[in-house]
Structure formats: C-alpha cells, structure tokens
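Trainee: just coords:
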Ligand SMILES: Nc1ncnc2c1ncn2[C@@H]1O[C@H](COP(=O)(O)OP(=O)(O)OP(=O)(O)O)[C@@H](O)[C@H]1O
C-alpha cells in the first residue's frame, strides 16, 4: 500500500470516535522572505462528543487551525478529515456543501441576519440548502437554549447573549458533526458569556454534540473537556479536565519566556492536577478579534 493510501485508510479506520483529524497540517501564508508559517506540521484528533478548547498566544495559529479543519482555508501540506471524508483536495463546491451540511459555526460577532427573526435565522442554513429541519431535534435545541419565547424577535430586539444563543441554535439546528466556535463569548458580558458556555457544555453533554472552541479566556476554556495549546503553529501541550486556575497558570508560562516554556516537553500531557471539574469558573474574552462569516452560500 502506498503511503498516501495507508494514510487514507488510517483516517477511515479510526474515524469512528474522531470527528475531525489532521496529519502533518501545514499552512504558510505568503512566500519567500515574507512567508509566515502559521501551522507547522500539526497532528490532531478531535474526539467526537467532547468539548475541545484551543488556546495560545496571539498569532500562534488558533484561527488558522480552525479554518483549515473546517475547510474554510486551504492547506499548504498535510491532510484533514471530517469524519471519514478527507477534505483536503475537495473542490470549492464540495467544500461548501460539506461545511453547510456537516459543520456548525459560531463567531464572536454572531452573524445573524437583521431582517429575519430568531426562528428564521436558526433555520436559514437549512432553508438555503433546501433541507427540512428535524422538528423534534429543533424543539430540543430551542428549549435547551431557552429561546422558545424569543423566536419571533429580530436580532435588534434581543440582548447580545440572546443573539449568541440564536447563533448557537443555528449552529446546532442541522445536528452537525462538528461545531466550531471562534471566541463565542468575546462580545458578551461575563454573565451572558457564562450562559453561552453553559449551553455549549449542554450541547455536548445532553445533545451529544462535538464542539471546538478557540478562546483567549482561561475561564471559558475551563468549560471544555480538553485544552490544546498552540505556540508558533504547533500543538505544544494539552490539558484534560481544565480549571481556570490551571489554564491561567499554563498560559503564564507562555508569556515572557517565548512560545515554548522551558522544560516543557511539547508532547507532554498535563492534567488539571488536583482540580475538581466542578471548580470550573468562567469569564469572557476581552481581547478577541472579530472573525469570519457564516457559510450560507448556496451552491
Ligand atoms: N491571511 C493571512 N495572510 C498572512 N498572514 C496571515 C494570514 N492569516 C494569518 N496570518 C498569520 O498567521 C499566523 C497565525 O495567525 P492566526 O490568526 O491563526 O493566529 P491566532 O492564534 O488565531 O491569533 P489571534 O489570537 O491574534 O487571533 C500569524 O502570524 C498571522 O499573522
């Protein structure tokens, strides 16, 4: 079997418990002396039914990783799978369909359509795709997110937290294989941010969804099951069962001493030692940037 074929069958064989996978994922922007290596041969598995947070200093490659895993950006080298579908190499049209049908997105800026009410915003991607929502699932999502009595409201009639809940419902509506959330609490006050993080947690625990969230905020990351730390385009550490304190402590190692903390094995696994899961606290990102667009384009 050729290397490529072996890699492909590896991707398929192990895809069951893995929502997304990257091998040797490399992304360079520009060329020659001005080239920036945003991702440097990243290997990562995103486990199904888990809440994964991606953290790291500004410019470490978090958004690029999310965009490459979601098929929003092309890769320079390496392979990416969504489930057992290798997305690297798909044509634009196929990628558009895959994103629309199999991935949910949440962004810092909500990206709701102002002229549509909450219910219409929630089902818009499915309406564009000509797909009928599963009414039972949709009801469950709307009730889980506490949006039942807000469905007729337009975004301008909703608070920031309620708007992000609508965006969350929109991401969940088609029961996607994977939800990518890029700084979803970045525009919210701490109470609303806490609420949205709680809903993402419920989406994983009660609805069996898979969430990947990029964040700068240790409090937000503490709601996840696993934190992946990026530095200089590489995954340099991971932390299971994170607490805000443990994440903050880990982030401190990044500052001042360069991206690679001394004495840290890049492959090491750090447990949130001694910190019980219920010690989770929250906050909201304050220094996040506004990112991206919804993927509502019809093909
Ligand atoms: N379109 C682009 N053209 C050129 N360089 C880019 C582009 N997008 C990202 N980069 C560079 O790639 C590197 C990784 O950027 P990325 O946005 O993924 O980092 P990040 O960790 O998400 O940063 P932040 O936390 O500030 O959002 C940075 O050095 C950035 O300047």
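Mentor: Thanks, I have it. What you see is a predicted model, and the numbers here were worked out from it, not measured in a lab.

Trainee: The ligand contacts on the stretch 51-200 of the chain?
Mentor: Neighbours of the ligand within the stretch 51-200 of the chain, by Cβ under 6 Å from any ligand atom: 56, 58-64. Backbone N, C-alpha and C define where each C-beta goes, glycine included.

Trainee: go with 5 Å
Mentor: 58-64 (Cβ under 5 Å from any ligand atom).

Trainee: Check those residues for burial and list the buried ones.
Mentor: Among these, those classed as buried by neighbour count (16 or more other Cβ atoms under 10 Å) are 60-64.

Trainee: In strands, which of these fall?
Mentor: Assignment to strands by DSSP state E places none of those there.

Trainee: Include distance to residue 174 and pLDDT when you put the residues you listed into CSV, please.
Mentor: Below are those laid out as CSV (distance: Cβ to Cβ, whole Å; pLDDT from 0 to 100):
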residue, distance to residue 174, pLDDT
60, 31, 95
61, 28, 96
62, 25, 96
63, 23, 94
64, 25, 96
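
Trainee: hang on, the earlier thing: as a markdown table, the residues of the stretch 51-200 of the chain next to the ligand with distance to residue 139 would be great.
Mentor: Below are those laid out as a markdown table (distance: Cβ to Cβ, whole Å):
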| residue | distance to residue 139 |
| --- | --- |
| 58 | 40 |
| 59 | 42 |
| 60 | 40 |
| 61 | 39 |
| 62 | 34 |
| 63 | 33 |
| 64 | 37 |
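
Trainee: Show me which residues of stretch 95-113 are buried.
Mentor: 95-100, 102-112.

Trainee: I should have written stretch 35-49 there, sorry.
Mentor: 37-40, 42, 44-46, 48.

Trainee: Return only those of these found close to the ligand.
Mentor: Applying Cβ under 5 Å from any ligand atom to these, those adjacent to the ligand are residue 38.

Trainee: give me the number of residues near residue 74?
Mentor: As a burial measure, residue 74 scores 12 neighbours (other Cβ atoms under 10 Å).

Trainee: any idea how far residue 169 is from residue 183?
Mentor: Per Cβ to Cβ, to the nearest Å, residue 183 is found 18 Å from residue 169.

Trainee: on that earlier part again, so which of the residues of the stretch 51-200 of the chain next to the ligand are in helices?
Mentor: If you go by DSSP state H, these have 62-64 in helices.

Trainee: so which of these comes closest to residue 21?
Mentor: residue 64 (16.7 Å; Cβ to Cβ).

Trainee: So that closest one sits against residue 38, correct?
Mentor: Yes - counting by Cβ atoms under 8 Å, residue 38 is a contact partner of residue 64 at 4.2 Å.

Trainee: coming back round to it: among the buried residues of stretch 35-49, which ones are in strands?
Mentor: Using DSSP E, these in strands are 37-40, 42, 44-46.

Trainee: just these now: which is nearest residue 177?
Mentor: residue 46 (9.9 Å).

Trainee: So what's the residue count around the closest residue to the closest one other than its chain neighbours?
Mentor: The shortest distance from residue 46 to any non-neighbouring residue, by Cβ to Cβ, 6 or more residues apart in numbering, is to residue 20 (4.2 Å). Residue 20: 26 surrounding residues under other Cβ under 10 Å.

Trainee: before we move on, what about residue 185?
Mentor: 33.

Trainee: residues contacting it?
Mentor: Shown in contact with residue 185 (Cβ atoms under 8 Å, 6 or more residues apart in numbering): 164, 192-193, 196-197, 215, 217, 220, 284-285.

Trainee: Filter these down to just the buried residues.
Mentor: 164, 192-193, 196-197, 215, 217, 220, 284-285.

Trainee: In strands only, show me these.
Mentor: Among the buried ones among the contacts of residue 185, no member falls in strands (DSSP E).

Trainee: quick one: the residue nearest to residue 208 when sequence neighbours are not counted and the ligand, what's the gap?
Mentor: The shortest distance from residue 208 to any non-neighbouring residue, by Cβ to Cβ, 6+ apart, is to residue 49 (5.5 Å). Residue 49 sits 25 Å away from the ligand, going by Cβ to the nearest ligand atom, to the nearest Å.

Trainee: likewise residue 47?
Mentor: 22 Å.

Trainee: Test my guess that residue 156 contacts residue 115.
Mentor: No - using Cβ under 8 Å, residue 156 makes no contact with residue 115, being 9.8 Å away.
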